[in-house]
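Peer 1: 3D, please:
(one chain, ligands or ions: 2)
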Amino acid sequence: MIGSIINGKEINTSKDSMNVVNPYNGEKVEEIALASDDEFERAVTSAFDTFHHTMKDMPAHQRADILRKTADLMEEQADDFAEIIMKEAGKPIFFSRGEVQRAIQVLRFASEEAKHISGEVVPMDAAIDGDGRLGLVKHIPLGVVAAITPFNFPLNLSLHKIAPAIAAGNTVIFKPAEKTPVSAHKLAKLFHEGGLPDGVLNLLMGSGEIGEKLVTHDKVHKISFTGSLPVGRSIRKSAGFKKVTLELGSNSPNIIFDDSNIHEATNMLVKGAFAFSGQVCISAQRIYVQKSIYDQFLKEYIKATEDLGIGDPAFEKTDIGPMISVEEAKRAKQWIDDAVENGAKIATGGERDGSVLKPTIMTDVESHMKIIADEVFAPIVSVIPFDTEDDVIDYANDSVYGLQAGVFTKDVDRAFRVADRLEMGGVWINEISTYRQDNHPYGGVKQSGIGREGVKYAVDGMTEMKFIGVKLKDNHDDRA
Ligand SMILES: NC(=O)c1ccc[n+]([C@@H]2O[C@H](COP(=O)([O-])OP(=O)(O)OC[C@H]3O[C@@H](n4cnc5c(N)ncnc54)[C@H](O)[C@@H]3O)[C@@H](O)[C@H]2O)c1
Ligand SMILES: O=C[C@H](O)CS(=O)(=O)O
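Peer 2: Ligands and ions are numbered 1, 2, ... in the order given. Just a heads-up that it's a prediction; the model follows:
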């Protein structure tokens, strides 16, 4: 049994526990001791006190060293991390390894950023009577950051919060998703091996209730949340004056104009729609194809999708494993059935076996159907024809979400015109919406979220400005 880690000590006995199971075969991966109310309070107090007594004064070079050392250790233990992610999340092993490599990079980016948090000098003499004064802006840490994370990239998305928070000099309370806490536990241990002092990173095991309590606790200064829109909405409502970063869902559009390389777009979009069974917030959910190439694209796309390897995530050749649970697979299948009842057609897929839903391509869909209007978060994609650039911009923007989009065209003018008109946090040209690097600004507009991650940008969100002014000499009339 493993459990919460508070002030550097693991609490692995508890009257409440839960099992983490492999969503592919139901095998037990680990038993988790759930945090009690008392442990919750101790974790918050530990983070609060450690901020004031240790972290606030830790020099940047020391924070950078800890992050770099942790990256080195993760590199050494990369296979163990990948194995855990594969088992707890059901993510095919090839993609689990990819997540670990990205996580190592995030730690390295954060280590570099820790040394570049600087301020500015305000030109005080630009204001009447300002001469003879010096104005400085410092970027100081916020205090205690609550990192609340989802199941789908349990390592990398947790590090997108924890590493920038530490780089900026904060302490952290980490509440991982209840389905994927095993990699979180190994990560917290690794930070301690890397030299992080006790109390800087406190891990709390438990359900969304712990997240809710963090959101309203007055010793927590910032909530950094990645997860679903309903939870994000409730956090926004209850967080009061706390700073909040929300990385929420999407129904990402990808647009293929008739001058694009169909073959390339097809191959990229198979990965874009079906990687990790579509359980990626920027997964390609709506593919808009210009009418003259629609039939050709659909034919190639169905063929490439049917070539995917489906099965045990432990196997090297598996492209598509399970969804996170049987319930989620049933929910997704129901959305397909609802669409079909309303006139949509299944071009391929549509069958479910336990937690595995076959990669599914839908056509003849309508904008009101759940598979289009809501976040599908499953291996289901819709292929939709369009006539003109104006039409497709309207279709793509007709959503409460706006995270990332992909646009495929050889016409540079059109590419930038369309990118400008799409209501998104990010637009990729000749790349799928699903592509993300860990060093560009990343986050949504509309109901896809508030704030940006991408290490440098996340670090900005983990600090606040403090102005310090100096009156150097008395050179003006104080009555002014
Ligand atoms: N924009 C992004 O960067 C991004 C990245 C990954 C996932 N996501 C989104 O995450 C969702 C899937 O992940 P999930 O199912 O784990 O999400 P979720 O919203 O169900 O849970 C996320 C985390 O929030 C906690 N939580 C639940 N209720 C809470 C509450 N009331 N207050 C505080 N915390 C609470 C959970 O325990 C978990 O740790 C999808 O909607 C996906 O789009 C977004
Ligand atoms: O699920 C959404 C994630 O942000 C995708 S990624 O890990 O950043 O690629």
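Peer 1: hey, what's M18 bridged with?
Peer 2: For M18, the beta-bridge partners are I32 (DSSP bridges).
Peer 1: doesn't E30 make contact with it?
Peer 2: No: contact criterion Cβ atoms under 8 Å: M18 and E30 do not qualify, at 9.7 Å. The C-beta positions use only the backbone N, C-alpha and C, and glycine is treated the same way.
Peer 1: any shared contact partners between the two?
Peer 2: Counting by Cβ atoms under 8 Å, 6 or more residues apart in numbering, M18 and E30 have no shared contacts at all.
Peer 1: so which bits of the protein are right by ligand 2?
Peer 2: Within reach of ligand 2 by Cβ under 6 Å from any ligand atom, the chain has these residues: N152, F153, N156, L157, V280, C281, I282, R436.
Peer 1: of these - the most surrounded one?
Peer 2: Among those, C281 has the most neighbours (other Cβ atoms under 10 Å), with 29 neighbours.
Peer 1: and it, what is it in contact with?
Peer 2: Each residue near C281 by Cβ under 8 Å, 6+ apart is listed here: N152, T226, E247, L248, G249, S250, E375, F377, L403.
Peer 1: so among those, which ones count as buried?
Peer 2: Buried members of the contacts of C281, counted by 16 or more other Cβ atoms under 10 Å: N152, T226, E247, L248, G249, S250, E375, F377, L403.
Peer 1: element containing Q101?
Peer 2: Q101 is part of helix 93-114 when elements are defined by DSSP states H and E.
Peer 1: which helices and strands does that helix pack with?
Peer 2: Applying 3 or more Cβ pairs under 8 Å, 6 or more residues apart in numbering; DSSP states H and E, one finds that helix 93-114 contacts helix 60-76, helix 78-89, helix 156-167, helix 455-460.
Peer 1: alpha carbons of the shortest one, as PDB, please.
Peer 2: I take that to be helix 455-460. Output of helix 455-460 as PDB, limited to C-alpha atoms (Å, rounded to 0.1, in the frame of the first residue of the first chain):
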ATOM      1  CA  VAL A 455       7.000  26.000 -18.800                       C
ATOM      2  CA  LYS A 456       8.100  29.700 -19.200                       C
ATOM      3  CA  TYR A 457       4.400  30.800 -19.400                       C
ATOM      4  CA  ALA A 458       3.400  28.700 -16.400                       C
ATOM      5  CA  VAL A 459       6.300  30.200 -14.400                       C
ATOM      6  CA  ASP A 460       4.800  33.600 -15.100                       C
END
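Peer 1: so for it, mean pLDDT?
Peer 2: Averaged across helix 455-460, the pLDDT comes to 98.
Peer 1: where does this structure have low pLDDT?
Peer 2: The chain contains residues with pLDDT under 70 at 475-480.
Peer 1: so what are the domain limits for it?
Peer 2: Domain assignment for the chain, taken from automatic domain parsing, gives 4-249+444-467, 253-429.
Peer 1: okay, now the sheet partners of the helix or strand just after the helix holding Q101, with direction.
Peer 2: Heading C-terminal from helix 93-114, the first helix or strand you meet, by DSSP H and E, is strand 120-122. In the sheet, strand 120-122 lines up against strand 133-141 (antiparallel) (DSSP bridges).
Peer 1: distance between the helix or strand following the strand it pairs with and the chain's centre?
Peer 2: Counting by DSSP H and E, the element after strand 133-141 in chain order, helix or strand, is strand 144-148. Distance of strand 144-148 from the chain centroid (Cα atoms, centre = their mean, to the nearest Å) equals 14 Å.
Peer 1: given strand 144-148, what are its sheet partners and their directions?
Peer 2: Strand 144-148 has its sheet partners listed here by DSSP bridges as strand 171-175 (parallel), strand 222-226 (parallel).
Peer 1: hmm, E27 is touching V20, no?
Peer 2: No: look at E27 against V20 with Cβ under 8 Å: they stay out of range, at 10.1 Å.
Peer 1: so which residues on this protein come close to ligand 1?
Peer 2: Looking at ligand 1, the residues of the chain close enough under Cβ under 6 Å from any ligand atom are 148-152, 157, 175, 177-178, 207-208, 211-212, 215, 226-228, 231, 234-235, 247-249, 281, 375, 377, 403, 449.
Peer 1: hmm, back to that, so which of the buried ones among the contacts of C281 are in helices?
Peer 2: Secondary structure from DSSP state H places none of the buried ones among the contacts of C281 in helices.
Peer 1: so which of the helices and strands packed on helix 93-114 is nearest P123?
Peer 2: Nearest to P123 among the helices and strands packed on helix 93-114 is helix 455-460 (21.8 Å), distances taken as Cβ to Cβ.
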